[in-house]
Structure formats: C-alpha cells, structure tokens
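**Q** Sequence first, predicted coordinates after that:
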Amino acid sequence: MPKSLILVLATVLASGCSKDERSQNVATNGAPNSAPNAVPNNDVNSVDVPTDPVVLDATEFTFRLAQSTPTLPIWTTPVTHRPTPQDRPPDAERSELRISAVRGEFEVLQLLFGPGSGSATVSVAPMPGIAMELATVQMVDGWAETIAPSAAMATVDAAADAPRVVWLTVKVPDDATPGEHTTTVTVGAAETPLVLYVYDFSIAGERHFKTQMNVDVSSLVGAGSVDDAKTTLFDLRFTPKSVTWPSGFNPSITWDNGANPCEAFWDEPEEGEQYAIGAPLHSR
C-alpha cells in the first residue's frame, strides 16, 4: 500500500528519535536547501529542490558501502534525510550496516543505489525473532514521495541521473533479547553484514504524545483499505487531522426546529459492528 513519505517524520516519532537519527544533522548533510543552485519553492512548508548534484557529507550513518561496484554505488543515509534525484554518495566507505532500537520499536534502514547503470536484487536473510520488511521508494516532483512494500526480494533498476531508494524496516518485538543481532543484506552477489543492537528497555505501550501534522486517512489508503491506513497511523504513533471514517464517533442528531422535529439518532448503521456506538473500545 503506497504511503506518503510525510511518514518519514512519523517514523522518527514512532522510534522516539533513536540514536541513529539524532546523530544525523540533516542541515550539514548536503541537505537540498544548502545547494548552491536550487529551484525556488513558494510553498513555505517545502524545501527548495536542488538542480545540481549534491554530494552528502560522510558521517557515521552516511557512507558508501565497500560492496559497491564501479557501475552501481550502494550507499546509506538515515531516513531523516529525504532523498532527491540530485543526491550523490560520499567517497568514504564502510563494509557493515548498523542500526539500533529498543524493545517494541522499529527502525528503518535507508539504502540508495546509484546513480549508475544495470540492475540488482536486494534481499535480507532472516533474523531470528525480528520481523523485517523491504519497500521501494518512488520520487515525485523531485523528492522521495511514496513507498510500496516489496516481496522478500526487491529489484532495483539503476538510473543514470538519480539514485534508487529501498527501505528495510526492522521491527523489534517486546520480548527481544538485548544486545547484538546479526544478519546479511544481499545486493546482487555482494553480501553486507547488518548488525541490530537492541537496548535493554522497552518503548512505552501507551501514547502520551499527541501529534497534529495534517495527515488524514484518505491520503494513506492508496491501494489498501481504510483499516490498513488506520493501522499504519497506530503503528507510527501518529494522530490524523480528523476523526477517521468510518468511525462510530460521528453521530448526527436532529432537533426540534419548527418543521424539523428530532426524529432519529444516527449510528452509522451500515458500518461494521466494531464501529457501533456502545461497542468495546480497543486500544493499541
């Protein structure tokens, strides 16, 4: 189910801004608004899109993988950086991927391919007790904008003028063993170690931090269902801008008003039982 990448911010909220993301200063990471040549954007909520290639600064979490080939650079940068077609990898190389999380949390590892040529398949070996999902990211109007879940293996077709982006979401269960967990990410014939460090505490089950980012359910449905979109919001600890529909919490009442007397109390009678007034409330 495609989802707007405004959920990049939601991912940070969901993970409680883990150490990996906090360590990354997007403003000094070759961010688009620092590009010398950028297309002005009149939307005050947007950042100008660069027109010239921007080489991202090398950091602990932004680097080129040593498993890259001469025709296809493979690199990574945190999801707090929203990729553009002009992004280019730094020269600094590492041969291992590392992420960290607490119990009950999930983290997203962002992999970029190219610009370059050729194609490659991306897969990840199972990590006992840890759920992992691959997704491909598409660019819209010069920004990484939508994500679409992939099967166990994602295919990347490189482009000469823009990087391709793949997300690997790692979901840590509440009973995960603290410490290091290892697996392997395979791109083509190249294998890269992936190390997940699980801290010895859990993320709070209840949500005490409310958000208002003007994200509504209808913009998240895509090819999925309303319930899928709601689940996405719950998983990301995100608050929609209005009550979701169908909800069971939008009754309408008529009242005595001359020729319009009170005659009915509407309870969305055509919706599922879980939305009926008086039905048990379920929390996640």
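**A** That came in fine, so what should we check first? Numbers count the residues shown, from 1 in each chain.

**Q** Below-threshold pLDDT in the stretch 151-284 of the chain: ranges please.
**A** Applying pLDDT under 70 to the predicted model, the residue ranges of the stretch 151-284 of the chain that meet it are 213, 215-216, 218-219, 222-223, 240-284.

**Q** what about the closest residue to A190 other than its chain neighbours, distance to V137?
**A** Nearest residue to A190 in three dimensions, chain neighbours excluded: Q67, at 3.8 Å (C-beta to C-beta, 6 or more residues apart in numbering). Quick note: C-beta positions are derived from backbone N, CA and C, even for glycine. Q67 sits at a distance of 20 Å from V137 (criterion: C-beta to C-beta, to the nearest Å).

**Q** rewinding a little: quickly find the element holding the residue nearest to A190.
**A** Here Q67 sits in a region with no helix or strand, counting by DSSP states H and E.

**Q** List the buried residues in the strand of greatest length in the chain.
**A** Ranked by number of residues, the top strand in the chain under DSSP state E is strand 190-202. Buried positions in strand 190-202, judged by neighbour count with 16 or more other C-beta atoms under 10 Å: T192, L194, L196, V198, Y199.

**Q** circling back: need the contact list for the residue nearest to A190.
**A** For Q67, the contacting residues are I74, S95, V187, A190, E191, T192, by C-beta atoms under 8 Å, 6 or more residues apart in numbering.

**Q** Mind listing what's buried along stretch 102-115?
**A** Neighbour counts over stretch 102-115 (16+ other C-beta under 10 Å) mark 102-115 as buried.

**Q** P128 and G224, how far apart?
**A** For P128, the distance to G224 under the criterion C-beta to C-beta works out to 29 Å.

**Q** Who has more neighbours out of the two?
**A** When P128 and G224 are compared for neighbours, G224 comes out ahead with 15 against 7, by other C-beta atoms under 10 Å.

**Q** Now T169. Nearest residue, chain neighbours left out?
**A** E133 (4.6 Å).

**Q** Now do the host helix or strand of that neighbour: which elements does it pack against?
**A** Using DSSP H and E, E133 sits in strand 131-140. Under the contact criterion of 3 or more C-beta pairs under 8 Å, 6 or more residues apart in numbering; DSSP states H and E, the helices and strands touching strand 131-140 comprise strand 119-124, strand 143-149, strand 153-157, strand 164-171.

**Q** how about the CA coordinates for stretch 54-68, as CSV?
**A** Taking only C-alpha atoms (Å, rounded to 0.1, in the frame of the first residue of the first chain), the coordinates of stretch 54-68 have been written out as CSV:
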residue,chain,number,x,y,z
VAL,A,54,24.8,17.4,-4.1
VAL,A,55,27.4,15.1,-2.5
LEU,A,56,26.3,14.3,1.0
ASP,A,57,28.8,14.7,3.8
ALA,A,58,30.2,11.4,5.2
THR,A,59,29.1,10.7,8.7
GLU,A,60,28.8,7.6,11.0
PHE,A,61,25.4,6.9,9.3
THR,A,62,26.0,8.3,5.8
PHE,A,63,28.6,6.4,3.7
ARG,A,64,29.2,4.3,0.6
LEU,A,65,29.3,0.6,1.0
ALA,A,66,32.6,-1.2,0.1
GLN,A,67,30.4,-3.8,-1.7
SER,A,68,29.6,-1.2,-4.4
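
**Q** Cheers, nothing more for now.
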